[in-house]
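Trainee: coordinates only, no sequence provided:
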Ligand code: G3H
Ligand code: 13P
Ligand code: ZN
C-alpha cells in the first residue's frame, strides 16, 4: 500500500531505524528493491529524479510503481520525488500520485548555483503549503552537498553545484536548520555533512575531518521532530568496483560512505538514506561480467536479470544494516 514519507519516518523514529531511499528508473530496479523488501520484510522508499522521469516517462514510472503496489500489497511504499528543482516540478509530481516530494531549494532552479537562504525558505514553504493540503510529505535541503576535501559538488551532470563551494555551504548549521524548519514546516530535512552524489566521494576511506557524522547529532538536538536525510549515501563497495574494473570498466580509486558511518547517523537521527550509485555500480558490474564471460549471449533478459539480482543484493544488505528489516 502507498504511504506518505511522514508516516513511514515517524514509525522509523519511534522504532530507531533508518530507511534506504533507492532511486528508480526502470522495471528491473523496482523489482530488485521490492524483492529485497519482501525477503527482509521492509517498508520501501522508491524515489524518482527528473532524470528518471525523462528516461522512463511519467506514465511508465507511475504505472510501474502501481504494479509494484499491486504485486506486493503488504509492503508499505512511499513514492518520493528526488531533488525537485521548483514548486512547479513538485506540483506535477503531486498530481502524478507521489506521496512525498523533495523541494531542493539549496540550489537555484538550474540545480547548479547555490541559492540564498531566503530563496530556499520561500520555495520550500510554498511547496509545504501545497503538499500538506493533500496529505503529501515534503523534504527540504539546507546546505549544499559537496566534498570537504575538494569543495566540488561531485556529479558533473545531474544534481550538484558547478564550481567550488566555500566551506560555509558544505556543512549544515544546526541553528539555521532550526530556523529553516520553523519557517517552512518540512517533514524531513536533507543535511550537508561532506557527502556528495556519484561514485567519486572521497579520495581515501573517510575520517571525521571529511565526513562530519557528528554534526548529525547536533542538528537532531535542535530539530528532534524533523526527520534527517542523508544524500550521497552510496558506499561504493570495493568488491563491485573490482568486478567493474576486472571486466573492462574504468573507474579510478574512490571511496564511498561506509555502512557503519550511516548506521551511526541513524543512531543520531537520520531516517532516510539516499542511494543510487551503489545500484548503478552493481548493475553495470554484473552486466560487464556477463558480457565478457558469455560473449555469445545476446538475449537482453540475461543481462537485465544479473543486473536485477546484483541490485537486489545491495538492497537486502542495506535493509539489514539500517534496521529496516522486519519493520514492514
Ligand atoms: O541525486 C542524484 C541521483 O543520483 C539521481 O541521478 O539525476 O541522474 O537520475 P539522476
Ligand atoms: P549516491 O550518488 O551516493 O547514490 O546518492 C544518491 C542521492 O543522494 C540521490 O538523491
Ligand atoms: Zn541527492
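Mentor: Received it, and whenever you're ready, just let me know what you need. Just so we're clear, the structure is a prediction, and the values are computed from it rather than from any experiment. Ligands and ions are numbered 1, 2, ... in the order given.

Trainee: flag every residue of the chain that's near ligand 2.
Mentor: Proximity of the chain to ligand 2 is assessed by C-beta under 6 Å from any ligand atom, with 23, 82-83, 197-198, 231-234, 274-278 identified as the residues in range. Where C-beta positions appear, they are placed from N, C-alpha and C, glycine not excepted.

Trainee: take these and keep only those in strands.
Mentor: If you go by DSSP state E, the residues of the chain next to ligand 2 have 23, 82-83, 274-275 in strands.

Trainee: tell me which two of these sit farthest apart.
Mentor: In those, the most distant members under the criterion C-beta to C-beta are 83 and 275, with 14.1 Å between them.

Trainee: return the residues of the stretch 201-328 of the chain in contact with ligand 1.
Mentor: With C-beta under 6 Å from any ligand atom as the criterion, the stretch 201-328 of the chain meets ligand 1 at residues residue 276.

Trainee: longest helix anywhere in the protein?
Mentor: helix 300-321 (DSSP state H).

Trainee: in terms of helices and strands, where is the residue of the chain most remote from its centre?
Mentor: Note on the chain: the largest separation between a C-alpha and the mean C-alpha position, by C-alpha atoms, centre = their mean, falls on residue 296 (36.3 Å). Of the helices and strands defined by DSSP states H and E, none includes residue 296.

Trainee: equivalent analysis for residue 94, please.
Mentor: Residue 94 is part of helix 87-95, with elements assigned from DSSP H and E.

Trainee: neighbouring contacts of that helix?
Mentor: 50, 58, 81, 84, 101-103, 123, 126-127, 130-131, 134, 136, 138 (C-beta atoms under 8 Å, 6 or more residues apart in numbering).

Trainee: and the residues of the chain next to ligand 2, which two are furthest apart?
Mentor: When the residues of the chain next to ligand 2 are compared pair by pair using C-beta to C-beta, the maximum separation belongs to 83 and 278, at 17.6 Å.

Trainee: can you pull the contacts of residue 253?
Mentor: Each residue near residue 253 by C-beta under 8 Å, 6+ apart is listed here: residue 203.
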